[in-house]
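Asker: What follows is a predicted protein model with its sequence.
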Amino acid sequence: MENLKLSLKKYLLEDIRYVSYLYTKDNYVFIDINNKNEVLVNIEPKFNSQKIDKKEFLKLLDEETKRSEIYKANMELREYIIKSSMCYKPITDNNVEGLTPEEEKELDKLIAEVEQELKSESVKEDKLEIKKTWEEKYGDKNKRK
Amino acid sequence: MAIKTKGNKSKIKQYNFSWRKIKDKVLLTNEFGHYIILKNEEFKSFIDGKLSNKSKTWEELQVRGFLNNYMDFGDLCQRWQKKNSFIYAGPGLHIFVVTLRCNHKCVYCQSGAVGKEKNNMDMSWDMAKKSVNMAFSSTNKNITIEFQGGEPLLNWDVVKKTIEYARNKEKSGDKKLFLAIVTNFSKMDKEKADYLLKNEVSICTSLDGPEKLHNKNRIFHEGNSYKITKKWIKYFKDKHDAQKNEKYRIFKPSALLTVSRSSLNSFKEIIDEYVDSGFESLFIRALSPIGYARAAWKTIGYNSAEFLDFYRKSLDYIISLNKKGVKIKEKGAELLLRKILKAEDPGFLDLRCPCGATIGQVAYNYNGELYTCDEGRMVGWEGDRFFKIGDIEKSEYKDIINSSISKGCAISSNLDNQPMCNRCAYKPWCGVCPVINYELQKTPWGNMISNYRCELYMGIFDYIFELLTKEKESEILKSWVEE
């Protein structure tokens, strides 16, 4: 039989409970409140030959403390990710929101009108022909050759 | 979160992860199904928040979602969804126990089969028709109807009518139908075989190893079970290999291996038997202590350590055959590797979270009773109808889905609710079985600290990850899922 005094200032009761649970296959484990800041963990082997390693218990408790710290710090993020994952809709060709052929025609027409307007308005002021495309300035590639 | 290390605050913020020692290394996993194997010192640096953000390990941890301020939400959400895609589907596997009669008396029989002379143990055509209608009311777009027993060929007329009815129903609806039959071949003849082939029914049988072992496990008084099995495996395999321009697809036959105590010393002979029969895979499954198997456990059963020893030796032998160029793989390992390496759901209902009970499969008993799964049906046959979810005469689809036991199974097999599982490094790919828990530990929740099935899977995962740390073995295992 082994007794461990564990400070509640250092460890959370829920972490002590979890590590104690890991010992229940081969042992009976009793957890008692010793005082306000301390619990007493009593581990009694189910079989006489069983040995209990206190250091191993404390090592597992340290690991569990780290694990639960990480878990708690990520709780909100985790909930967000799971919710997002559950309703996640990957972008595929089928669900890309596109324009209908009519809307595309209308849009091309509008773009052409705006381009024409811009050209006629600004052509006089563009002495360096900055707004002209390469092809407008020099002709297309094949012709130049 | 920032882990405090002797008063210094680290800049590394770890996202939830679990870890487990694998030999001299540490395996880290997260709920997206990503994993990384670190050396001890790397792990210590990571957990202490001291790992350099210029290291390759840091980069890998970042890509795999282990650092909470460097997460690619789109990629991780997509991976999570792919891994859990079954949640959205509904029951796809529909097991029709068309008869409980069987002419074999297998030592490990879990299905509660009775002698072939027994009366009132066959599913009627009316009940089978209603069962097909129920299967087609599933929300799943892919429906598999699997004929089981007993020996399903003992109720051939109903099997045949059901196939015709289901195929017609498929034509008039928007669901894809797959058909399968699990048979011992003892009642197979050319007419039945050709009918099954023409209707694209997958053939599955049992092959427990060499003749002596197979016949010891699968007792058949009317002939030599091994010889009959081998004959028909060859027939269906030859048909598969010779197919050219048939109007229908011919699937390769498959076989299931059940490992009993008698198998434990014969791993080489069993695997050689499968290779010799032309199979490219075998599924090494441990015996479940359900049905007759539970009563005979002392004679035919084993503990988890004994099975794992057998499993490891078998896997080593299979890998050694692969090294020599023999094409053979272990199906169980392949399923796990698909989950681990590809984040896929390979459709293995036993290892899901929540488990496949009702939400993945439904078992239709010969008498119209509906169960969460075939294992639940076997418990029902023993007189305990705990896993019964309805009756084909009275229940509708929504009733079985909404039944309290369907919900109970989903909750109890949710690994987030299991004290040991929710911290386990294998959680992203594992699953618990409420039926086996109930049978062994008298509660669907089970108690994982002393759970036979948990010990089995823990050992299998351990060995697979151990092999993944070895270069040549890892290469072979990865090739199993690349085809």
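Answerer: Everything's here; your move. Numbers count the residues shown, from 1 in each chain, chains lettered A, B, ... in the order given.
Asker: so who does the residue positioned nearest the centre of chain B touch?
Answerer: Of all residues in chain B, the one closest to the mean position by C-alpha atoms, centre = their mean is residue B:348, 4.0 Å from it. Counting by C-beta atoms under 8 Å, 6 or more residues apart in numbering or on different chains, residue B:348 touches residue B:335. All C-beta spots, glycine's among them, are computed from the backbone N, C-alpha and C.
Asker: Get me the contact residues on chain A for chain B.
Answerer: Counting by C-beta under 8 Å from any C-beta of the partner chain, chain A comes close to chain B at A:18, A:21-22, A:24-25, A:64, A:66-67, A:69-74, A:77-78, A:81-82, A:84-86, A:88, A:90.
Asker: For chain A, see how far away the residue nearest to the centre of chain B is.
Answerer: In this view, residue B:348 and chain A are 21 Å apart by C-beta to the nearest C-beta, to the nearest Å.
Asker: on that earlier part again, can you flag the buried ones in the residues of chain A next to chain B?
Answerer: Neighbour counting over those (16 or more other C-beta atoms under 10 Å in any protein chain shown) leaves A:18, A:22, A:64, A:66-67, A:69-71, A:73-74, A:77, A:81, A:85, A:88 as the buried ones.
Asker: Can you read off the backbone torsions of residue B:25?
Answerer: phi -120, psi 180 (degrees, to the nearest 10).
Asker: my guess is it contacts residue B:41, does it?
Answerer: No: when contacts are counted by C-beta atoms under 8 Å, residue B:25 is not listed as touching residue B:41 (10.5 Å).
Asker: ok, so what distance separates residue A:87 from residue B:71?
Answerer: Here residue A:87 is placed at a distance of 18 Å from residue B:71 (C-beta to C-beta, to the nearest Å).
Asker: out of those two, which sits in the more crowded spot?
Answerer: Higher neighbour count among residue A:87 and residue B:71: residue B:71, with 19 against 8, using other C-beta atoms under 10 Å in any protein chain shown.
Asker: so who does that one touch?
Answerer: A:81, B:15, B:65.
Asker: surely the last one meets residue B:29?
Answerer: No: with contact defined as C-beta under 8 Å, residue B:65 does not count as touching residue B:29 (10.5 Å).
Asker: list the residues that contact both of those two?
Answerer: With C-beta under 8 Å, 6+ apart, residue B:65 and residue B:29 have no common neighbours.
Asker: How about the residues of chain B by chain A?
Answerer: With C-beta under 8 Å from any C-beta as the criterion, chain B meets chain A at residues B:1, B:3, B:13-18, B:31, B:47, B:68, B:71, B:73-74, B:76-78, B:80-81, B:84, B:87, B:419-420, B:423, B:449-450.
Asker: Please pull out the lowest mean pLDDT helix or strand from chain A.
Answerer: Within chain A, confidence by mean pLDDT, DSSP states H and E is lowest for helix A:141-144 among all helices and strands, at a mean of 61.
Asker: Find the nearest non-adjacent residue to residue B:410, please.
Answerer: Among residues not flanking residue B:410 along the chain, residue B:354 sits closest, at 4.1 Å (C-beta to C-beta, 6 or more residues apart in numbering or on different chains).
Asker: How about residue B:24?
Answerer: Nearest to residue B:24 is residue B:40, by C-beta to C-beta, 6+ apart, at 6.7 Å.
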